[in-house]
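**Student:** The amino acid sequence is not available; the structure is as follows:
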């Protein structure tokens, strides 16, 4: 009788402690959480950390910058100034590409960043060839992009390394129509 | 009896038994022979005999004829007392109560831990910025690299274009 009472109390305590923990884990993105699956990606791109920074009050911005050593703070201020001097359309384009990059899984992000580094190491004429290929692919629907990547023309135009760079960097392109 | 009982440590049992007259006859005779030469034992034995004599002379007070009736009435009165008196007089054992006490303690702790912390409001947002400046640095790194690509692609919005 006493053992049954203790078991009942223990079961009650477990339910009181584990259920809220599971709920909290679900709120934090735990394994049991059902991920929201919208039919299509949200048309409005999420804001970048630069947007967030520029939305802060001057005092908050200063407090954030004060956490950096003086030379780094100066660099960040200079880079932000340069970005803000770009035409608004170009700023938006860069933010869109940034968001596409950062919406990829972390491992894939590293692959794409690696492809960009390889791109910059390529000779200027090869960079231009790859740049034009990406521009052309950006105008294509997704299926045709894949077909282009598999096409003999693409295969013959680029080396294996260049094909890999273009293929990886195509993740930065806007979704095909 | 060759040795004095007071010296060999057997005095208490021997003298009490002597006073109660429960010693074996030969032991009693030997002890009496010893007492004829030992004043200390003689004195103790005499005192013990006096105790037994006094007890023999005592007669207990008689009980009233309705003793049982009064006793049961008093027991019934005690049983009808207030609950808290019964609780206080109960012969408590704390052992069964320990799991219940522990459960209560855990419940109180869980309640306190699950209670949301009071919002610290503006003071927290002022003391620590929500956005880490390192995130801004990383975003600038990415954006500057994307800018260097120099790729012109159609915009997400139809009818316009993205110029890098």
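**Tutor:** Received it, and whenever you're ready, just let me know what you need. Not measured: the values here are computed from a predicted model. Residues are numbered from 1 along each chain as shown, chains lettered A, B, ... in the order given.
**Student:** going forward, measure contacts between C-alpha atoms and count neighbours the same way
**Tutor:** Fine.
**Student:** surely residue A:120 meets residue A:128?
**Tutor:** No - the pair formed by residue A:120 and residue A:128 falls short of the contact definition of Cα atoms under 8 Å, at 10.6 Å.
**Student:** pLDDT on the host helix or strand of residue A:78, on average?
**Tutor:** Taking DSSP states H and E as the criterion, the element that holds residue A:78 is helix A:70-85. Averaged across helix A:70-85, the pLDDT comes to 92.
**Student:** name the helices or strands packed onto it?
**Tutor:** When contacts are defined as 3 or more Cα pairs under 8 Å, 6 or more residues apart in numbering or on different chains; DSSP states H and E, helix A:70-85 packs onto helix B:133-149.
**Student:** how about 6 Å then?
**Tutor:** Counting contacts by 3 or more Cα pairs under 6 Å, 6 or more residues apart in numbering or on different chains; DSSP states H and E, helix A:70-85 packs against no other helix or strand.
**Student:** So which residues of the chain form helices?
**Tutor:** No chain was given, so I picked chain A. Chain-ordered helices for chain A, with DSSP state H as the definition, fall at A:2-28, A:49-55, A:58-65, A:70-85, A:88-102, A:106-121, A:124-138, A:142-150, A:152-157, A:160-169.
**Student:** Actually, chain B is the one I wanted.
**Tutor:** When assigned using DSSP H, the helices of chain B occupy the ranges B:5-8, B:11-20, B:25-35, B:39-57, B:67-79, B:83-89, B:97-114, B:122-127, B:133-149.
**Student:** Worst mean pLDDT among those helices?
**Tutor:** Among these, helix B:122-127 carries the lowest mean pLDDT, a mean of 46.
**Student:** okay, which residue is most central for chain A?
**Tutor:** Here the mean C-alpha position of chain A is nearest to the C-alpha of residue A:102 (Cα atoms, centre = their mean), at a distance of 0.8 Å.
**Student:** The nearest residue to it once chain neighbours are set aside and residue A:103: what is the separation?
**Tutor:** Nearest-residue entry for residue A:102: residue A:109, 6.7 Å, with adjacent residues in sequence omitted and distances by Cα to Cα, 6 or more residues apart in numbering or on different chains. The spacing between residue A:109 and residue A:103, counted by Cα to Cα, to the nearest Å, is 8 Å.
**Student:** the more surrounded of those two?
**Tutor:** Neighbours around residue A:109 and residue A:103, counted as other Cα atoms under 10 Å in any protein chain shown, are more numerous at residue A:109. The numbers are 18 against 12.
**Student:** what's in contact with the helix holding residue A:78?
**Tutor:** When contacts are defined by Cα atoms under 6 Å, 6 or more residues apart in numbering or on different chains, helix A:70-85 is touched by residues residue A:65.
**Student:** now that helix against helix A:58-65, angle please.
**Tutor:** Orientation check (axes from the mean of the first three to the mean of the last three Cα atoms, to 10 degrees): helix A:70-85 against helix A:58-65 gives 130 degrees.
**Student:** Give me the pLDDT for residue B:80.
**Tutor:** Turning to residue B:80, the model gives it a pLDDT of 75.
**Student:** residues contacting residue B:23?
**Tutor:** Shown here is residue B:23, whose contacts under the criterion Cα under 6 Å, 6+ apart are residue B:17.
**Student:** what's the spacing between it and residue B:58?
**Tutor:** Using Cα to Cα, one gets 23 Å for the distance from residue B:23 to residue B:58.
**Student:** What residues does chain A have near chain B?
**Tutor:** For chain A, the residues in contact with chain B (Cα under 6 Å from any Cα of the partner chain) are A:49-50, A:64, A:90, A:93, A:131, A:135, A:138, A:174.
**Student:** Please repeat the previous calculation with a cut-off of 8 Å.
**Tutor:** Counting by Cα under 8 Å from any Cα of the partner chain, the residues of chain A close to chain B are A:6, A:9-10, A:13, A:17, A:48-50, A:52-53, A:60-61, A:63-65, A:67-68, A:76, A:79-80, A:89-90, A:93-95, A:97-98, A:116, A:120, A:131-132, A:134-135, A:138-139, A:173-175.
**Student:** Narrow these to those that are buried.
**Tutor:** Of all these considered here, the ones buried according to neighbour count by 16 or more other Cα atoms under 10 Å in any protein chain shown are A:9, A:13, A:17, A:48-50, A:53, A:60-61, A:63-65, A:76, A:79-80, A:90, A:93-95, A:97-98, A:116, A:131-132, A:134-135, A:138-139, A:173-175.
**Student:** for residue A:129, what are its contacts?
**Tutor:** Under the criterion of Cα atoms under 8 Å, 6 or more residues apart in numbering or on different chains, the contact list for residue A:129 is empty.
**Student:** mind checking pLDDT for it?
**Tutor:** Model confidence at residue A:129, expressed as pLDDT, equals 94.
**Student:** related to what we said a few turns ago, which one, of the helices of chain B, ends up nearest to residue A:163?
**Tutor:** Taking Cα to Cα as the measure, the helices of chain B were each checked against residue A:163, and helix B:133-149 came out nearest at 16.0 Å.
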